[in-house]
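**Student:** Have a look; sequence and predicted model below, questions after that.
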Amino acid sequence: MTTPLIEAVDLGKSYGGVVALRDVSTVVRGGEVTCVLGDNGAGKSTLIKILAGVHQHDTGELRIEGESVRFASPREALDRGIATVYQDLAVVPLMSVWRNFVLGSEPTRRYGPLRLLDRNRAREITRKALDDMGIDIRDLEQPVGTLSGGQRQCVAIARAVHYGAKVLILDEPTAALGVKQAGIVLRYVVQARDRGLGVVLITHNPHHAYPVGNRFLLLKRGAMLGAYDKSEIDVSELTRQMSGGAELEALQHELDRVVSP
Ligand SMILES: Nc1ncnc2c1ncn2[C@@H]1O[C@H](COP(=O)(O)OP(=O)(O)OP(=O)(O)O)[C@@H](O)[C@H]1O
Ligand SMILES: [Mg+2]
C-alpha cells in the first residue's frame with residue numbers, strides 16, 4: 001500500500017490541566033474520506049487543529065507522507081498541502097465571492113513599476129473553478145457574507161481543490177445546514193475525494209458520515225472510543241456507538257418511567 005498522506009500515531013494534547021486528546025491514532029489516504037465523530041468536547045477540533053498546524057501535539061507522532069513533523073504554524077501545514085475549512089469559515093464577509101476565492105493567491109498584472117490585482121483574471125479563475133465542480137453561484141460580486149452556509153462551504157471546498165490541496169479538512173461542514181444543503185455539501189466532499197484528495201470530515205451526524213466515509217474514528221472525552229473501516233461497521237452500529245449505546249438505552253428507560261403514569 002502507498003504511504004498515507006497523514007498518519008497520526010498516539011497523539012496527545014493538553015490545554016493547561018485539561019487533557020483534550022489522549023493516544024489518538026488514525027490515517028488519511030488520497031482518494032478516501034476519514035470521518036471523525038464524537039460529541040461536544042470529544043476532541044475533534046483539537047485533533048484537526050494539530051493536523052492543521054494551529055496547535056502542536058504534546059505526545060505521539062504526526063507523519064506527513066511518511067515524514068515525522070511538528071507544524072509551527074498553519075502556513076507550514078498549508079505548504080504541505082493540508083487545507084482546512086473551519087466551521088466559522090475564515091472568510092471576509094463583506095468581500096466579494098471572487099475576492100475571497102483568490103485571497104492570498106491574487107493574480108497580478110504589471111502597471112509600470114507596480115503590480116496590481118488583476119480583477120478580470122481573478123473573476124475568471126473563480127468562475128472556472130466553481131464551474132469545474134458544478135457549483136452554481138450567479139453573482140461573483142456578491143459579498144460572501146450573503147451566501148448561504150452551504151454555498152460558503154462549497155466555495156471553500158472548490159478553493160482548496162483549485163489551489164492544489166492534498167488533504168482537505170472540514171470541521172463540521174454540515175452542522176448548521178438543512179437536509180438538502182447538507183446533501184449538496186456532501187456531494188462536493190465526494191468530488192474532492194474522487195479527485196484524489198484525502199478528506200478529513202468532522203461531524204456529529206453518523207448519517208452524514210456513513211455514506212461518504214471510508215473509515216470512522218470515534219472520540220469520546222479525548223480518547224478513542226473506536227476506529228473502524230467501513231466494512232467493519234454499519235450505520236446503525238455507528239449511530240449506537242455515537243449516542244453512547246447503553247447510556248442512551250438507560251436514559252430511554254428513565255424517560256419511559258417518568259412519562260408513563
Ligand atoms: N484553547 C483551549 N483551551 C482550553 N481548553 C480547550 C481549548 N480548546 C479546547 N479545549 C477543551 O478541550 C476539550 C476538547 O475540545 P474540542 O474543541 O477539541 O472538542 P470538539 O470535539 O471539537 O467539540 P465540539 O463538538 O463542541 O466542537 C474540551 O474539554 C474543551 O473544553
Ligand atoms: Mg469542535
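**Tutor:** Structure's in. What do you need? Ligands and ions are numbered 1, 2, ... in the order given.
**Student:** got a list of what V19 touches?
**Tutor:** 12-13, 222 (Cβ atoms under 8 Å, 6 or more residues apart in numbering). Yep, even glycine has a C-beta here, placed from its N, CA and C like the rest.
**Student:** One more: L197?
**Tutor:** Each residue near L197 by Cβ under 8 Å, 6+ apart is listed here: 30-31, 160-161, 165-168.
**Student:** cutoff 7 Å now
**Tutor:** By Cβ atoms under 7 Å, 6 or more residues apart in numbering, L197 lies in contact with 30, 161, 165-168.
**Student:** can you pull out the helices in this protein?
**Tutor:** For the chain, helices defined by DSSP state H occupy the ranges 44-51, 74-79, 97-102, 119-132, 149-162, 179-194, 206-212, 235-242, 246-259.
**Student:** one step back: so which of the contacts of V19 belong to strands?
**Tutor:** Residues from these lying in strands, with DSSP state E as the criterion: 12-13.
**Student:** With distance to ligand 2, neighbour count and pLDDT added, can I get the contacts of V19 in a markdown table?
**Tutor:** What follows is the contacts of V19, written out as a markdown table (distance: Cβ to the ion, whole Å; neighbours: other Cβ atoms under 10 Å; pLDDT from 0 to 100):
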| residue | distance to ligand 2 | neighbour count | pLDDT |
| --- | --- | --- | --- |
| G12 | 18 | 17 | 97 |
| K13 | 13 | 22 | 97 |
| G222 | 12 | 22 | 95 |
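**Student:** Stretch 192-205 close to ligand 2?
**Tutor:** No. Remark: stretch 192-205 sits outside contact range of ligand 2, by Cβ under 5 Å from the ion, the gap being at least 6.9 Å.
**Student:** can you tell me how far the spatially most central residue of the chain sits from L255?
**Tutor:** In the chain, the C-alpha nearest the mean C-alpha coordinate belongs to L170, at 1.1 Å (Cα atoms, centre = their mean). L170 is 34 Å from L255, where distance means Cβ to Cβ, to the nearest Å.
**Student:** Write out the residues of the stretch 51-200 of the chain neighbouring ligand 2.
**Tutor:** Within the stretch 51-200 of the chain, no position is near ligand 2 by Cβ under 5 Å from the ion.
**Student:** Going by proximity to ligand 1, name the top residue of the stretch 51-200 of the chain.
**Tutor:** E172 (6.8 Å; Cβ to the nearest ligand atom).
**Student:** Quick check: of the contacts of V19, which lies closest to ligand 1?
**Tutor:** Of these, the one sitting nearest to ligand 1 (Cβ to the nearest ligand atom) turns out to be G222, at 6.2 Å.
**Student:** Wait, the closest one touches R22, no?
**Tutor:** Yes. Under the criterion of Cβ atoms under 7 Å, G222 makes contact with R22 at 5.0 Å.
**Student:** re the thing from before, of all the helices of the chain, which lies closest to Y111?
**Tutor:** helix 119-132 (12.2 Å; Cβ to Cβ).
**Student:** and the angle for the closest one with helix 179-194?
**Tutor:** 100 degrees (axes from the mean of the first three to the mean of the last three Cα atoms, to 10 degrees).
**Student:** Please name the residues that touch A160.
**Tutor:** Contacts of A160 (Cβ under 7 Å, 6+ apart): 83, 85, 168.
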